[in-house]
Structures are given as C-alpha cells and as structure tokens.
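Participant: Provide a 3D model corresponding to the input given below.
(2 chains)
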Amino acid sequence: EDQVTQSPEALRLQEGESSSLNCSYTVSGLRGLFWYRQDPGKGPEFLFTLYSAGEEKEKERLKATLTKKESFLHITAPKPEDSATYLCAVQATGYQKVTFGTGTKLQVIP
Amino acid sequence: DARVTQTPRHKVTEMGQEVTMRCQPILGHNTVFWYRQTMMQGLELLAYFRNRAPLDDSGMPKDRFSAEMPDATLATLKIQPSEPRDSAVYFCASGLGVQGRDGQPQHFGDGTRLSIL
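Facilitator: Numbers count the residues shown, from 1 in each chain, chains lettered A, B, ... in the order given. Next comes the predicted model:
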C-alpha cells in the first residue's frame, strides 16, 4: 500500500528565514510525486510534479527536489503570503489513484 | 484559468436527510475524483471516474454513499441517509488520465463544507 508521511506537522518561520519541508514516501513504482498548497477554505492548488529521482522544479521562492525515498520543498526567504498548508502526494505506476500526506502547516511571521 | 466548480459551497442539514453535492470538472479532463477532508484523516479518496466510468469507489461507505457522472460536465456525490460523522469538506478534482503517460496533476474545486446536525 502506498504511504506518504510529511514532516513537520507545523512550522513557524520568521519572514526571510529559509527552511525545508519533508515528504517521505513508499510506492511500488513512482508515476509522479505532486506538491500542492492549500489555503484555509480553499481546495488544494497544484504546485509541482516530479517524476524521477534527481529532478528539481522551481517556482518563485519554492523549490521541490526528489530522491528515491523522499521529496523536499525548500522555501527560500519566505514571506507571510507563503503561509498555507503544503500537501505532498504520490501516484503509483499503472494507477490513477493518488495518495496524499496529511500536510505541513506553514506560518510565516512578519 | 479553467477551474473545477463545486456546489453548494456550504450545506447544513439534519441527520437522515439526503445530501447531493455537484461538481463541474474542467472541460476536456477525463478523470474525476471525490475526496473527503477532515482534520483527523486528511484527504481521503472516496471514488474516481475515468471517461465517466467508475474505476474505484472502495473508499465510500456503499450503503449510504453513491457517486455518478450522468454526463461529462457533471459529477454528483450523494449521501442518503446522512449521519453526523459525515460532516467534513468534500472536494472534487479533475485531471487528464492518459494510459501510459507520466502522472498528470489533479485540479481541485474549493469544496463543499457539509455539517450534519
């Protein structure tokens, strides 16, 4: 059974204080690993897809990386508007089903 | 930007009543997913469709939940009878599921917040 574990559950940063969120996964064969951002009262918003170990994707202050067992979401010089819950999900080869982690709630303090 | 549309956004009803939630997927997407999100469990997959055919509904309590896609522009999730433990946010997502291609992301609506009294 596919499993996704995210850590930490919650993270509080000062504005400008860079950090990383972790997503550890177990899947029979990786078809794709996804990062989403979720704001209160909203649905998850797609950020990145990573397909193979060694791949990296960037968007503004966010950079996602992938190894065979985990993915990191690096946040460089975060701003208060980066405050949200970040979700990681994996899709196994041959399946449409996506398994989500429980998320990391990020709070960036001005 | 194209978006998944869900209605209603909020629903409060009494235990035992029928609840119907609707979803309009993004035009051209051929897979539709229903999720339930709670503080305790996070996002749980209830059911999903590909080309309007149900592929997996093993996440749903079969005795009270049903999911259908009467046409390509509408997906419905029904609960009958509803129970207080069904209170949660229900999300619909759509995507492009193409056999043999790398994973395609799902795009979510803003959910239906359901409260069963």
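Participant: Please, where are all the strands along chain B?
Facilitator: For chain B, the strands defined by DSSP state E cover B:5-7, B:10-13, B:19-24, B:31-38, B:42-50, B:53-56, B:65-71, B:74-79, B:88-95, B:107-108, B:112-116.
Participant: Can you name every helix or strand that the longest one contacts?
Facilitator: Contact analysis of strand B:42-50 by 3 or more Cβ pairs under 8 Å, 6 or more residues apart in numbering or on different chains; DSSP states H and E lists strand A:98-100, strand B:31-38, strand B:53-56, strand B:65-71, strand B:74-79 as its packing neighbours. Just so you know, the C-beta spots here come from the backbone N, C-alpha and C atoms, and that holds for glycine as well.
Participant: mind giving me JSON lines with these and columns for distance to A:P44, mean pLDDT and mean neighbour count?
Facilitator: Formatted as JSON lines, the entries for these read as follows, by distance: least, Cβ to Cβ, whole Å; pLDDT from 0 to 100; neighbours: other Cβ atoms under 10 Å in any protein chain shown:
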{"stretch": "strand A:98-100", "distance to A:P44": "8", "mean pLDDT": "90", "mean neighbour count": "22"}
{"stretch": "strand B:31-38", "distance to A:P44": "9", "mean pLDDT": "94", "mean neighbour count": "23"}
{"stretch": "strand B:53-56", "distance to A:P44": "20", "mean pLDDT": "86", "mean neighbour count": "13"}
{"stretch": "strand B:65-71", "distance to A:P44": "20", "mean pLDDT": "94", "mean neighbour count": "15"}
{"stretch": "strand B:74-79", "distance to A:P44": "17", "mean pLDDT": "97", "mean neighbour count": "19"}
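Participant: Quick one: closest of those to B:V89.
Facilitator: Judged by Cβ to Cβ, the one of the helices and strands packed on strand B:42-50 that comes nearest to B:V89 is strand B:31-38, at 4.7 Å.
Participant: Enumerate the residues of chain B near chain A.
Facilitator: Applying Cβ under 8 Å from any Cβ of the partner chain, one finds that chain B approaches chain A through B:4, B:31, B:33, B:42-43, B:45, B:48, B:50, B:55-56, B:91, B:93, B:97, B:102-111.
Participant: Format the helices and strands packed on strand B:42-50 as JSON lines; extra columns: distance to A:A92.
Facilitator: Formatted as JSON lines, the entries for those read as follows, by distance: least, Cβ to Cβ, whole Å:
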{"stretch": "strand A:98-100", "distance to A:A92": "8"}
{"stretch": "strand B:31-38", "distance to A:A92": "15"}
{"stretch": "strand B:53-56", "distance to A:A92": "13"}
{"stretch": "strand B:65-71", "distance to A:A92": "22"}
{"stretch": "strand B:74-79", "distance to A:A92": "23"}
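Participant: Need the strands of chain B in JSON lines (columns: distance to A:R37).
Facilitator: As requested, the strands of chain B are arranged in JSON lines below (distance: least, Cβ to Cβ, whole Å):
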{"stretch": "strand B:5-7", "distance to A:R37": "18"}
{"stretch": "strand B:10-13", "distance to A:R37": "22"}
{"stretch": "strand B:19-24", "distance to A:R37": "21"}
{"stretch": "strand B:31-38", "distance to A:R37": "15"}
{"stretch": "strand B:42-50", "distance to A:R37": "14"}
{"stretch": "strand B:53-56", "distance to A:R37": "26"}
{"stretch": "strand B:65-71", "distance to A:R37": "27"}
{"stretch": "strand B:74-79", "distance to A:R37": "24"}
{"stretch": "strand B:88-95", "distance to A:R37": "14"}
{"stretch": "strand B:107-108", "distance to A:R37": "11"}
{"stretch": "strand B:112-116", "distance to A:R37": "19"}
